[in-house]
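1. Model the following, please.
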Amino acid sequence: MASNNAQIRHATREDVSTILSLIQELADHEEASSSVEATVESLERTLLHHDPATDTFSAGGYAKTLLLTDPDGTIAGMALYFYNYSTWTSLPGIYLEDLFVKPAYRKKGYGKALLKALAQQVVDIGGKRLEWSCLTWNEPSLQFYQSEIIGAKKKDAWVGLRVDGDALRKLADSES
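-> Model (predicted):
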């Protein structure tokens, strides 16, 4: 898959340090650098790694990463995702955890190329939807996602919720 001769492929174990670097760049962009707890070791343990020789993925991971390489040889972006499931449709889908294109490589169609690759995977598995979240202040990205180019619809009827940190431990340890 390519856009302007860029190449998209699934990440291998050898790409983990690059993925961590992209995660850190994304966190810098979102002014949340201090929130990154990921390490090369934790990503090696929790990501699924592609083996191009066998076209299979490692066992034991939870998420996959698509990497986009610019014709100049630089890994310019990534889409880190995992599978989800809709009880209402009884079909799978993909949840895009992070989409990131390095600033120097934006406006080349790379974000669309990564989203297109994910949409193709949803279609290939007989799935029904591709979902993700976007920060409310990230107006350029929201405009891009909701444009005719991508066609995403904002989910106004849903509120994102999260339990983490001490609250997660407290809930896990609570009595039934």
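
2. Which helix or which strand is home to the residue most central in space within the chain?
-> Against the mean C-alpha coordinate of the chain, by CA atoms, centre = their mean, the closest residue is Leu80 at 2.6 Å. According to DSSP states H and E, Leu80 maps onto strand 75-86.

3. and that strand, what other elements does it pack with?
-> helix 16-29, strand 64-69, strand 91-101, helix 110-124 (3 or more CB pairs under 8 Å, 6 or more residues apart in numbering; DSSP states H and E). For glycine as for every other residue, the C-beta is placed from the backbone atoms N, C-alpha and C.

4. Can you name the residues that contact Ile149?
-> Taking CB atoms under 8 Å, 6 or more residues apart in numbering, we find Ile149 in contact with Lys112.

5. just to revisit the earlier point, with mean neighbour count added, can I get the helices and strands packed on strand 75-86 in JSON lines?
-> Listed next are the helices and strands packed on strand 75-86 as JSON lines, based on neighbours: other CB atoms under 10 Å:
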{"stretch": "helix 16-29", "mean neighbour count": "16"}
{"stretch": "strand 64-69", "mean neighbour count": "22"}
{"stretch": "strand 91-101", "mean neighbour count": "18"}
{"stretch": "helix 110-124", "mean neighbour count": "18"}
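
6. Redo these as CSV? Include distance to Asn5 and mean pLDDT.
-> Below are those laid out as CSV (distance: least, CB to CB, whole Å; pLDDT from 0 to 100):
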stretch, distance to Asn5, mean pLDDT
helix 16-29, 20, 97
strand 64-69, 10, 98
strand 91-101, 16, 97
helix 110-124, 11, 97
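
7. In a markdown table, list the ones you listed along with distance to Ile149.
-> Shown next, in a markdown table, are those (distance: least, CB to CB, whole Å):
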| stretch | distance to Ile149 |
| --- | --- |
| helix 16-29 | 21 |
| strand 64-69 | 17 |
| strand 91-101 | 14 |
| helix 110-124 | 6 |
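
8. what's the closest of those to Tyr145?
-> Tyr145 sits nearest to helix 110-124 of all the helices and strands packed on strand 75-86, at 8.4 Å, using CB to CB.

9. Downstream of the closest one, the next helix or strand is which one?
-> Next along from helix 110-124, by DSSP H and E: strand 129-132.

10. From what I see, Thr89 and Lys128 are in contact.
-> Yes. If you go by CB atoms under 8 Å, Thr89 and Lys128 touch, sitting 4.8 Å apart.
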